[in-house]
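> Mind looking at a prediction? Sequence and model below.
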Amino acid sequence: MTCRDWISRTRLIYLDPQTARVYCPSRITQSILRQEQALFETLLCEQTGTPVSLQLTDRVEQQTEPAPSFPSTPPATPSVPLLQARFNPEYTFDSFVEGTSNKEAYAAVYNSCIQTGIRAFNPIMIYGNSGLGKTHLLHAAGNWLRLNRPEDKVIYMDANTFVDLLIEAMKSKTVDSVKSRLTDCDFFLLDDIQNLRRSSSQEIFFTVYNELISQNTQVMMTSDIHPQDLSGLQARLISRFTSGLTVSISRPEFDTSRAILRKRIEGKEEQIRIQDDVIDYLASTFSNDVRNLEGSLNRLIFSATLENPEVIDTAFAKAVLVNEPIVDRQKELTLHKIEKAVTNFYGLTCSDLEGKSRQKAIVNARHICVYLARELLHTSYSQIGQQLGGRDHKTIASSYERAEKLIRQDQAFSLAVTRIQESLQ
Ligand SMILES: Nc1ncnc2c1ncn2[C@@H]1O[C@H](COP(=O)(O)OP(=O)(O)OP(=O)(O)O)[C@@H](O)[C@H]1O
């Protein structure tokens, strides 16, 4: 007998947003279907858009309850399982190595998980370049809460999923129900909010956000740049985002990088025989971001399994990694070097760039400097502004946008950008 045959003997006798009760004529049918309970619940969740618990019963009297009929087509509600956030089990507070570069972010997230009552800081905003542990910290919060405060509802998603969800809700006219599901939580974790920029869903997000804060839900968000620099996001959102606690994560310093690498090989020292100075070499060469750092170690371990050296020493490591794209070629690049390359190209001085002149060549040179600093170094608008004569972040943000436009529209400008970039390599 197939599963379909067993199902054909059952009948849905009750359905509400949380529960589906199914009558099974015999205990055998019930026990067969119970083996696939998780699968049925997932299918129900996909159909209804909310987690539904499946109850199998052989009690005839329950048939007296009215059985709502399933809609002939699935409801238009988006099927993103909002409350089914999956957290990477490897990303925990224990596996996160603390150092000067990230200790504030770690403390902010951890403290907001353990505290009860009125939130000390809300929202918490963590910003920093790619690969520095922002997602790791949000998942660590999710894993910790699941284990230690299982009664608390946690919603986690990245901003792209969030935007898709809201756009789908707008199309299917289910905005209200999606909003009420999004606000039904104690912790709301939103990753990579830079992806909300220029999204038409900001209006809805604004109301969701206000409701979350007013009902004391802890909001934690991450971004790859300081929220003040998030051009393309409504000003009222930016000001709310920075009204709690904003903390940065930066590139790990040498000791933290070393500790991260050691943690990766902890307990495997027998299989991975690696000399201490190789760890130092990796930590000093590849720590632009932690992903890069881990990549260099993985590459090394992989090559060692193929070539089987006695021990992984610096000579072996250098030979393996010399041609790897993960080598940090931008390491020596600084904002000052970009400024020099731009002024050399245009025959200007740094004081020209930092001064107030509105001459076309100088203005263009400033735009290129801003553009390359953002693209190559991910420097914040405020920092670039400080370097360029104390300009504010709004001026620098519009300079960046102007550069983007000129690259598309002005061939000479675009060529200048390419040439200057080449000179930096
Ligand atoms: N301090 C740390 N201790 C241990 N592992 C870390 C630390 N920081 C980052 N990592 C590891 O580095 C990798 C990249 O981290 P993560 O994905 O959290 O970066 P991110 O800042 O969210 O980057 P992106 O902005 O690109 O999403 C992960 O494997 C993470 O576990």
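Structure's in. What do you need?
> who in the protein is up against the ligand?
Residues of the chain that fall close to the ligand, judged by CB under 6 Å from any ligand atom: 91, 95-97, 102, 130-136, 192, 224, 260, 290-291, 294. Using the backbone N, CA and C atoms, a C-beta is placed for each residue, glycine as well.
> if I look at N148, how far off is F93?
11 Å (CB to CB, to the nearest Å).
> and what of K337?
For K337, the distance to F93 - CB to CB - is 38 Å.
> try I249
15 Å.
> who has more neighbours, those two?
I249 (24 against 16; other CB atoms under 10 Å).
> quick one: low-confidence parts of the stretch 101-250 of the chain?
Applying pLDDT under 70 to the stretch 101-250 of the chain flags the ranges 198.
> Contact partners for the closest residue to the ligand within the stretch 51-200 of the chain?
Using CB to the nearest ligand atom, the single residue of the stretch 51-200 of the chain nearest to the ligand is G133, 2.7 Å away. Each residue near G133 by CB atoms under 8 Å, 6 or more residues apart in numbering is listed here: F96, N102, A105, I249, V290.
> Sort out for me which of those are in strands.
Assigned to strands by DSSP state E, none of these qualify.
> Among those, find me the one that's closest to L377.
I249 (15.8 Å; CB to CB).
> So what's the residue count around the closest residue to that closest one other than its chain neighbours?
Leaving aside its sequence neighbours, I249 sits nearest to G128 (CB to CB, 6 or more residues apart in numbering; 3.5 Å). The local packing of G128 (other CB under 10 Å) involves 23 other residues.
> wait, doesn't G128 sit right on S250?
Yes: at 5.9 Å, G128 counts as touching S250 under the criterion of CB atoms under 8 Å.
> host element of V342?
helix 335-346 (DSSP states H and E).
> Give me the helices and strands touching that helix, please.
helix 350-354, helix 360-372, helix 381-387, helix 411-424 (3 or more CB pairs under 8 Å, 6 or more residues apart in numbering; DSSP states H and E).
> Out of those, the one nearest V154 is which?
helix 381-387 (32.2 Å).
> Next, the residues that contact that closest one from outside, please.
With CB under 8 Å, 6+ apart, helix 381-387 has contacts from 225-226, 228-229, 335-336, 339, 354, 369-370, 373-374, 391-397, 400.
> Surely Q55 is in contact with Y23?
No: with contact defined as CB under 8 Å, Q55 does not reach Y23; the gap is 9.9 Å.
> quick one: which of those two has more around it?
Higher neighbour count among Q55 and Y23: Y23, with 21 against 14, using other CB under 10 Å.
> wait, isn't that one in contact with I7?
No: under the criterion of CB under 8 Å, Y23 makes no contact with I7, lying 11.9 Å away.
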